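K.L.:
Provided below are the primary sequence and the corresponding predicted coordinates.
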Amino acid sequence: MSLSHGLPQQLASKDGAVLSVGADVQFRIWDPVLSVMTVKDLNTATRMTAQNAMTKALLKRPLREIQDRKSTRLNS
């Protein structure tokens, strides 16, 4: 089973710039029984994990570095 989530979010970069960011998260459940037995709410757990990872990664970087990485990825 494959699922996806959209993650719109506003946060501040390392240098205090306010960013509106979003991400699409896709994941696959390899063992449905295990996922039901170990996680109370899989959708919320996945969304929170993805938001935390995105926030943690962007808070470490100044706006200029984020913009440079974005333009590099768009041009490749």
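P.N.:
Right, received. Where do you want to start?

K.L.:
Compute the first-to-last residue distance for stretch 11-26.
P.N.:
Start-to-end span of stretch 11-26 (C-alpha to C-alpha, to the nearest Å) is 22 Å.

K.L.:
so for it, what's the average pLDDT?
P.N.:
Across stretch 11-26, the average pLDDT comes to 86.

K.L.:
now do stretch 43-56
P.N.:
Across stretch 43-56, pLDDT averages out at 87.

K.L.:
Quick check: buried residues in that stretch?
P.N.:
46, 50-51, 54 (16 or more other C-beta atoms under 10 Å). To be clear about C-beta, it is placed using only N, CA and C from the backbone, and glycine gets the same treatment.

K.L.:
could I get the residues you listed as CSV with secondary structure?
P.N.:
Listed next are the buried residues of stretch 43-56 as CSV, based on DSSP: H, G, I helix; E, B strand; the rest coil:
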residue, secondary structure
46, helix
50, helix
51, helix
54, helix
